[in-house]
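Peer 1: Next come a sequence and a model predicted from it.
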Amino acid sequence: MTTSALVLTLFLAWTLLLRVVMELLRSYLVVTGRVRSKEFKPDNSNVSPFMQRLTEKVSGTISSM
């Protein structure tokens, strides 16, 4: 595998990992009743600062593709 292919594969894996973590956290918040599913804003301004940063990172990695 070439270096470029390896880097691209790792970048895709990182993007998917961030997305999965974000969705798991959102699912946890909905299942525990802390946030209703329709209350999530696109920028996550109504949840923790960690979720806001995670959303920014996911958006950044997806837009870099």
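Peer 2: Looks like it came in fine. Just so it is clear, the structure is predicted and the values come from calculations on it, not from any experiment.
Peer 1: nearest residue to M51 other than its sequence neighbours?
Peer 2: N44 (4.7 Å; Cβ to Cβ, 6 or more residues apart in numbering). From N, CA and C alone the C-beta is placed, and that goes for glycine too.
Peer 1: helices and strands around the helix or strand hosting L18, which ones?
Peer 2: Using DSSP states H and E, L18 sits in helix 3-31. For helix 3-31, the packing partners by 3 or more Cβ pairs under 8 Å, 6 or more residues apart in numbering; DSSP states H and E come out as helix 49-64.
Peer 1: Now do the helix it packs on, average pLDDT.
Peer 2: Mean pLDDT, helix 49-64: 84.
Peer 1: again, but for stretch 3-11
Peer 2: Mean predicted lDDT for stretch 3-11 stands at 93.
Peer 1: got the contact list for it?
Peer 2: M1, T61, S64, M65 (Cβ atoms under 8 Å, 6 or more residues apart in numbering).
Peer 1: Touching, the residue nearest to M51 and F50? I think so.
Peer 2: No - the criterion here is Cβ atoms under 8 Å, and N44 misses it with F50 at 9.4 Å.
Peer 1: For those two, work out which one has more neighbours and name it.
Peer 2: N44 (20 against 10; other Cβ atoms under 10 Å).
Peer 1: Need phi/psi at the more buried one.
Peer 2: Taking degrees, to the nearest 10, you get phi 60, psi 40 for the backbone angles of N44.
Peer 1: Next one: it from K38, what distance?
Peer 2: N44 sits at a distance of 14 Å from K38 (criterion: Cβ to Cβ, to the nearest Å).
Peer 1: If you rank the contacts of stretch 3-11 by neighbours, which is first?
Peer 2: T61 leads the contacts of stretch 3-11 on contacts (other Cβ under 10 Å) with 17 neighbours.
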